[in-house]
Each structure stands twice: as C-alpha cells, then as structure tokens.
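**Q** Here is a sequence with its predicted model. Questions after.
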Amino acid sequence: MDATREIEVLVRAKYPIVSVVSWEERRVEAAVNEVAKRLGRDVYTWSVTQGMRPTVSRPGTVPKSSNLPGELEALAQVHEAPEFTLFILKDFHPYMKDSRVVRLLRDLAARLRGRSQTLVLISPVLTLPTELEKDLTVMEFPLPTEEDITKQIDDVAAAMKSNPAVDVSLTPENHEALVRSAQGLTADEIESALARSLVEAKKLVVDQIIEEKKQIVRKTGILEFYPSSSNLADVGGHELLKEWLTTRSKSFSDAAREFGIPWPKGILIIGVQGCGKSLVAKAVSTAWNLPMLKLDVGRIFGSLVGQSEENMRRAIRIAESLAPCVLWIDELEKGFAGASGGVSDSGTTARVFSTFLTWMQEKSKPVFLIATGNDVSALPPELLRKGRFDEIFFVDLPGQEERADIFKIHLTKRKRDAKKFKLESLAKATIGFSGAEIEQVVVGALNSAFFDGKELTHKYLQEEAEAQVPLSRMMSEDIEALREWAKLRARPSAKHGQPD
Ligand SMILES: Nc1ncnc2c1ncn2[C@@H]1O[C@H](COP(=O)(O)OP(=O)(O)OP(=O)(O)O)[C@@H](O)[C@H]1O
Ligand SMILES: [Mg+2]
C-alpha cells in the first residue's frame, strides 16, 4: 500500500495519533494534505517556530488562547478544535519526555478517537514513551519509489528543457541508470543531487548522485565506504575459503541470474585472532569488483529509544540502494553481544538485532554480507540458523605451508625477494604463530637490520621468530574451545584441518 493511502486508511479509521518517522517532512505533509483534500478535512500545522497555522486556504495563525508554553498550547488547541480536522505537529519528539505532554496526549487520544480527528506527528526519530504505546500508531514513511523518482527526474528535465545552458536530454539507458542510482535517497537529496549535477556538469549525470550517496553514508556515522585495499593474493593459506569466494566472483551478473544462480547472501568468518579474517573481508570487494560498505555496529545504538532501530533501518536501506555491494560487519559479537538476553538496555539491542535478522532472511537486494568475529560464546544462536549465511567458515592458525606462504607475501610486500630466504625453516620456527604475528616477525627483523645499517638477511628473521612468543601459547584453551565449537558448525577455511 502506498504511504498516502495508508495515511488515508488510518484517518478514516479514526486513529487518534499517528507518529510518522521520516526525514522528509515535505513529502509527509504533502501526503497528509492530499488525504485531507480527498476527505474534505481542514489541516492545521504546528511547528515550534511558527505555532499553529491552517495549512490550506486560509492564511494567518490561530490565535493563542493562553500563556501556556508552545507545545502544551498546541495540544490545547487540538483539544478545542472542531470536528473533521487534521493536525500536523512537526518536530514534537523532544517534548515527549515531559510528563505533562504525555498526559495531555493520552487525554487527547481518548477524545479524538470518537471525533474523526487525527493528530499526525512528524519527526526523523521515534520517541515513544511507554505510557503512549497503546494510543499512538507508528508509521514508517517510505523513501521515494522508482515511480516517484522517475517523475521527479522527468519534472526537472521538463522544467530545464528550454534553458540553453544545460542539456537535460537522456538516453533510455542513462535515464534508467539515473533512476536506479537515486534509489535510497530522499526527495530533497535527489533534488539537490540533480541541481548540483546541472550546475557542475551542465547535464544530469549519475556521478553526482553517487557523490550525494557518499555524503549520506558519511553522515550516518554508522556506515563507511571502504576503499578496496587488498586482494585475495595478499591472503596466505585459506585455500578453501578463497576458492569459495573465487567461484562466486561472477555470481552477481545478470547472466548468473539467467543461469538460475541466486545471489550469494553472505558468509560468517569465525576464527583465531590475527589469522586474516578482516584481511579476507577486505579482499572480497576487490575480487568481486563491488563497492564495500563497513557497518559499525557499536555506533548503531543511539541514545534515544527507537533511534537505534531507525539507524539500523537506514543503514540497511542505504546498503540496499548501493546494491550490488558488499557489507562488512567486523567484530560482529561486540555489537550484538547479549542480543538474546537484552536485559541491560531495555531490549534495544534485541530489537535492533531482530531487525537485522529479519533483513538477512528476507533481503531481496544483492547485498553480500561478510561478518567476522572471534568470540563465539557471545554470538546469539539465532544468527547461526540455516538460511542466514550461505556458509560459516572457521579460520585456524596457519599450518607449516601456509606460514611459509605468509612470510613470502609479507617479504614481497616489503620489496624483498622471497627466494633469498629459507621460508621452510622460518615456517618451522613459527609454529603457533598467527598471520599477524608472522607479519610482526618480518617488521621486527626489518627494524633490527635497519638499525644495524644492514640489509635484511635470513638470520634477522630467524632471530626475531625465536624471540617472539605467540599469543596462541597463552590462549591455547580458548583456541581449543573455538575449534571444538567450529567442528560441528563451520567449514574449515584451509585444507590442513588443524595446524601442526
Ligand atoms: N593469512 C594471512 N595472510 C597474510 N597476511 C595475514 C594473514 N593473516 C593475518 N595477516 C596479517 O595480519 C594482519 C592482521 O590480520 P587480520 O586483521 O585480518 O586478523 P583478524 O583475523 O581479523 O584478527 P582479529 O580477530 O584480531 O580481528 C593482516 O592485515 C595481515 O597483514
Ligand atoms: Mg579482525
């Protein structure tokens, strides 16, 4: 059902208070006005700066009847209003913390219900005091649809057609690309992107819209564009995981769809610290040539109730609007720890988590999710249920051959000829070392050699390896427990099974 229609249904069914969550005040207002026109109702709009005003026909403000503070006065005005009126209150959410406001709203709800009057609250965040849960209906106002966007673009093109300074003609392909790229933006955002495009490029181009999206991604504070920095060749070992990823590199194409292949959903990579989980995640976007977004779960949890959920939904919408893309969630367990319990934060984590799970299950857009983490005890079991991830991989400490491989990668990265070093002997000296620790051996040896004013030799590496104690020696119990867990639930990333 489209949003205007939904508002109409609520108004006709005499819902007393409807809270619309949206950044798009103008579109919501337009929808309410449209409904009012259809039903022959008057509309009054209140904002903190302008007070109560009739929206349509009659100009001027409604006279103030008391010396009450503005927000209480507004509610009193609603209370006194004649039947068949609609009220829009903008940015009312900060007042919802005031117990007098809550009380008045409850009284109003009872009164309006019998009187064909509806109060519409528009705000970008949802603030819902418990007392009002039963009286207030929450509605999410969807972003512009493909149809809305098409109309908006066509309107701009039509308006600018006679302007000789710009070229608004679009080939059908450009038009389609423009509409597709604008999905996930609000009407205002699309408008400014189009306007900037006309100013800067003198025509309507997709680049400008992508630029706008990057801005939004930055502003959300939850997502960041992650530039492709490494590729699968930088990852030592993990052949099975790399093979899995390589096999799916073409699975996002139209040809794959026609062949009958569903979009890959995502993988969960669990494993020992420093063994390349994050490294693999970063390499996927390069290997698949898709943009990558990184989601910071910690930042999802805003301070206001309801805000976290809205943050999560917005992150999901943005990711979907950039599809096909890769969405990386690092250290998954940190964000969602306690999601099943959810006692400590009055269930916010649990709700955000369930929004996320539902999305994972139902997502219809090609957003490939890579979640990485190393503490399985904190992971909610729902996450691991079949159908959520395509595969769960377990990343263990590297075996003999893999360690040699990782030495080779890091020596080569630092412009040394790996053939000049006895990789096998280095691998033997680093039993129990993680990839990150092997990298540290290389870096440490380089430092020593540089300090001595010498070129890096095998001896420096060997000495450095012998001097270091790998973390795994202290954490052997934890690693054993992780292996036990993984045996039943995950696929190994490497062929060797267990190292040494
Ligand atoms: N298999 C590997 N091949 C090459 N380099 C590796 C490998 N594993 C780790 N490294 C090196 O160690 C660094 C740290 O590894 P990474 O951040 O991927 O570990 P992680 O598994 O995500 O660890 P954590 O659990 O602490 O997040 C990498 O950037 C890379 O330089
Ligand atoms: Mg990591």
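**A** Nice, thanks for sending it over. Ligands and ions are numbered 1, 2, ... in the order given.

**Q** By proximity to ligand 2, which residue of this structure wins?
**A** Going by Cβ to the ion, ligand 2 is nearest to residue 278 of the chain, at 3.3 Å. From N, CA and C alone the C-beta is placed, and that goes for glycine too.

**Q** and that residue, what element?
**A** helix 277-288 (DSSP states H and E).

**Q** got it, and residue 138?
**A** Here residue 138 is assigned to strand 136-140, by DSSP H and E.

**Q** List the pairing partners of that strand within its sheet, with orientation.
**A** Using DSSP bridges, the strands paired with strand 136-140 are strand 17-21 (parallel).

**Q** relative to strand 17-21, how tilted is the next helix or strand after the partner strand?
**A** The element immediately downstream of strand 17-21 (helix or strand, assigned by DSSP H and E) is helix 25-39. Using axes from the mean of the first three to the mean of the last three Cα atoms, to 10 degrees, the direction of helix 25-39 lies 140 degrees away from that of strand 17-21.

**Q** about what we covered before: check contacts around the residue of the chain closest to ligand 2.
**A** 330, 372 (Cβ atoms under 8 Å, 6 or more residues apart in numbering).

**Q** Can you give me the separation between it and residue 128?
**A** Residue 278 sits 37 Å away from residue 128, going by Cβ to Cβ, to the nearest Å.

**Q** One more: residue 419?
**A** 66 Å.

**Q** Compare those two and say which is more crowded by neighbours.
**A** Neighbours per residue (other Cβ atoms under 10 Å) separate residue 419 from residue 128, with residue 128 holding more: 16 against 8.

**Q** three-state assignment of the more buried one?
**A** Local secondary structure at residue 128 is given as coil here, using DSSP: H, G, I helix; E, B strand; the rest coil.

**Q** And the lengthiest helix in the chain, what's buried?
**A** In the chain, assigned by DSSP state H, the helix with the most residues is helix 435-451. For helix 435-451, the neighbour count (16 or more other Cβ atoms under 10 Å) marks 435-442, 444-446, 448-449 as buried.

**Q** Could you find the closest non-adjacent residue to residue 96?
**A** Nearest residue to residue 96, sequence neighbours excluded (Cβ to Cβ, 6 or more residues apart in numbering): residue 127, at 4.4 Å.

**Q** Let's see the pLDDT reported for that neighbour.
**A** Per-residue confidence at residue 127 stands at 78 (pLDDT).

**Q** try the one 10 residues further on
**A** Model confidence at residue 137, expressed as pLDDT, equals 89.

**Q** what about residue 308, which helix or strand?
**A** In this assignment (DSSP H and E), residue 308 forms part of helix 307-321.

**Q** check contacts around the residue positioned nearest the centre of the chain.
**A** Among the residues of the chain, the one closest to the centroid is residue 315, at 2.7 Å (Cα atoms, centre = their mean). For residue 315, the contacting residues are 220, 222, 223, 295, 300, by Cβ under 8 Å, 6+ apart.

**Q** Okay, and which of these map to strands?
**A** In this view, the contacts of residue 315 that belong to strands under DSSP state E are 223, 295.

**Q** Sort out which of the contacts of residue 315 are buried, if you could.
**A** When the contacts of residue 315 are checked for burial by 16+ other Cβ under 10 Å, the buried set is 220, 222, 223, 295, 300.

**Q** Could you report the separation of the fourth one from ligand 1?
**A** Spelled out, it's residue 295. 15 Å (Cβ to the nearest ligand atom, to the nearest Å).

**Q** what does the stretch 101-250 of the chain put close to ligand 1?
**A** Taking Cβ under 6 Å from any ligand atom as the criterion, the stretch 101-250 of the chain approaches ligand 1 at residues 235, 236, 237, 238.

**Q** if we go to 5 Å?
**A** Counting by Cβ under 5 Å from any ligand atom, the positions of the stretch 101-250 of the chain adjacent to ligand 1 are 235, 236.

**Q** got the domain boundaries for this protein?
**A** What automatic domain parsing lists as the domains of the chain is 3-140, 146-220, 226-392, 400-468.
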